[in-house]
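**Q** Sequence and predicted structure, then a few things I'm wondering about:
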Amino acid sequence: MKAPQHIVLGTDHAGYLLKEAVKSHLLKQKIDVIDCGCFSEEPCDYPPIMLQAAAAVKEHACPGIIFGGSGNGEAMVANKVSGIRCARCVSEWDAEMGRKHNDANIMSLGGRITEPMQAFAMVDKFLSTDFEGGRHEKRLQQFPDAI
């Protein structure tokens, strides 16, 4: 995948610090960031932020990264949006396969389980991997539509 011009970020309070670290990592690579929040460690509900981030990914036709404590609930919400394929990643392999086999357009990371350097490696792998197509394309066409 060619390096994106823009990338969407979204988090709840539990992923805030990791989001800020990843944001800095992306800005150093001259990638523009569309930050959908949240903007502090003050407790907040993640579903509205994840829906906003997923909508921004669709609007800007760019990848996204969402964050939470584990990244599970955030991925579940994002995957309810039609056209979004969000992969919860805990390793570089997850990030690579999410792109290569599932054409994921959002990755979800857990701020309570992921160290910044590990996140940087996963983000770089996600953004540098192309969708393989082929037999995987047929499978994607079988995904049910969402909201």
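**A** The structure has been received and is ready for your questions. Numbers count the residues shown, from 1 in each chain.
**Q** Can you report how many residues neighbour Pro4?
**A** 17 (other C-beta atoms under 10 Å). Any C-beta I mention is one placed from the backbone N, CA and C, and that applies to glycine too.
**Q** same check, this time on Pro43
**A** Pro43: 9 neighbours (other C-beta under 10 Å).
**Q** How much space separates the residue nearest to it when sequence neighbours are not counted from Ser24?
**A** The shortest distance from Pro43 to any non-neighbouring residue, by C-beta to C-beta, 6 or more residues apart in numbering, is to His13 (5.1 Å). Taking C-beta to C-beta, to the nearest Å as the measure, His13 falls 18 Å from Ser24.
**Q** Of those two, give the one with the bigger neighbour count.
**A** Using other C-beta under 10 Å, the more surrounded residue of His13 and Ser24 is His13, with 19 against 12.
**Q** Cys38 is in contact with that one, correct?
**A** Yes: using C-beta atoms under 8 Å, His13 makes contact with Cys38 at a distance of 6.0 Å.
**Q** And Thr21, its phi and psi?
**A** You called it Thr, but residue 21 is Ala. phi -70, psi -50 (degrees, to the nearest 10).
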